[in-house]
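1. fold the following for me, if possible:
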Amino acid sequence: MPKKSKLLSLVMSIVLLFSVAFIPMGVASAEEELSEEDLELIELLTAIENMPDEIILQGEDAIKAHLESEVSFHLELNENGESVVFRAASVSSIAGCVGAVGTALVVNFTPAKILKIKSALKSVGGATKFVKAVKPYYQMSREDKLSKTASLNQAVRLAAKDAGPDTREALLDLFGVSSVVGSCAAAFGN
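-> Numbers count the residues shown, from 1 in each chain. Model prediction:
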């Protein structure tokens, strides 16, 4: 084997060795970045993602009851479009975001739109993957001096970039509600 081929093989082996050795560290650090509050948002979005179609088609009261029964924290949704989230520990910006998303879903969307949002969450890889993707994109957009609304819209678009246009549109509709923008902007990093 010529010297160049041996050298190339050696370099490729070293690169492969180091890349494999550092993959688990990257995965572990991504898991550590999720706070308890992030997990609550994921829990709510997962409840939406896994909501049976029959419940969605029954309307607002059934959706509200389902969401309240599926999350481990008390989520109070009211008809005024306001949300209040009670948590055993401390109230945080994610708690407001979770309440705003839940209220927006119950108050502002038809069953057909909720079915699209549910499908959209599944097509982007689920709630966990979506929240993990949105947060850094939002922070990056804010660093670029975009407004909170523009940053959240861009973050949702980028987090759903591999999904189809209908998927992006459904998620943009959910995260475009003004109460959601206001509440989730602080949660994702102001």
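
2. for the rest of this, base every contact and every neighbour count on C-alpha atoms.
-> Will do.

3. so what's the gap between the host helix or strand of Ala100 and the chain middle?
-> Secondary structure assignment for Ala100, by DSSP states H and E: helix 93-103. If you compare the mean C-alpha spot of helix 93-103 with that of the full chain, they lie 12 Å apart, counting by CA atoms, centre = their mean, to the nearest Å.

4. mind checking the SS state of Ser72?
-> Each residue gets one of three states, and Ser72 gets coil by DSSP: H, G, I helix; E, B strand; the rest coil.

5. tell me how many other residues crowd it.
-> For Ser72, the count of nearby residues is 12 (other CA atoms under 10 Å).

6. swap in Leu75?
-> 23.

7. center of the chain, which residue is that?
-> Val131 (2.6 Å; CA atoms, centre = their mean).

8. list the residues that contact that one.
-> Asp38, Leu41, Ile42 (CA atoms under 8 Å, 6 or more residues apart in numbering).

9. likewise for Ala160?
-> Contact analysis of Ala160 by CA under 8 Å, 6+ apart lists Val124, Phe130, Thr167, Arg168.

10. so how far is Gln154 from it?
-> In this view, Ala160 and Gln154 are 10 Å apart by CA to CA, to the nearest Å.

11. swap in Gly182?
-> With distances defined as CA to CA, the gap from Gly182 to Gln154 amounts to 15 Å.

12. I'd like the contacts of Val131 as TSV, with distance to Tyr137 appended.
-> Putting those into TSV (distance: CA to CA, whole Å) gives the following:
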residue	distance to Tyr137
Asp38	15
Leu41	16
Ile42	17
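
13. mind listing the strands for the chain?
-> Listed in chain order, the strands found in the chain under DSSP state E are 74-77, 83-86.

14. looking at those strands, which one has the lowest mean pLDDT?
-> Looking at the strands of the chain, the lowest mean pLDDT belongs to strand 83-86 (a mean of 40).

15. for Leu34, which non-adjacent residue is closest in space?
-> Lys132 (7.8 Å; CA to CA, 6 or more residues apart in numbering).

16. all helices of this structure, in order?
-> Taking DSSP state H as the criterion, the chain carries its helices at 3-32, 36-49, 53-58, 60-70, 93-103, 111-123, 127-143, 148-159, 165-176, 178-188.

17. do you know how far Val124 is from Pro52?
-> The span separating Val124 from Pro52 equals 19 Å under the rule CA to CA.

18. more neighbours: those two, which one.
-> For Val124 versus Pro52, the count of surrounding residues by other CA under 10 Å is larger for Val124: 21 against 14.

19. these two touch, right, the more buried one and Ala163?
-> Yes. Here Val124 lies in contact with Ala163, judged by CA atoms under 8 Å, at a distance of 6.1 Å.

20. any weak-confidence spans in this protein?
-> When residues are selected by pLDDT under 70, those of the chain lie in 1-33, 76-95, 190.

21. how about a cut-off of 80?
-> In the predicted model, the chain carries pLDDT under 80 at residues 1-38, 73-96, 185-190.

22. before I go, just wanted to say thanks for your time.
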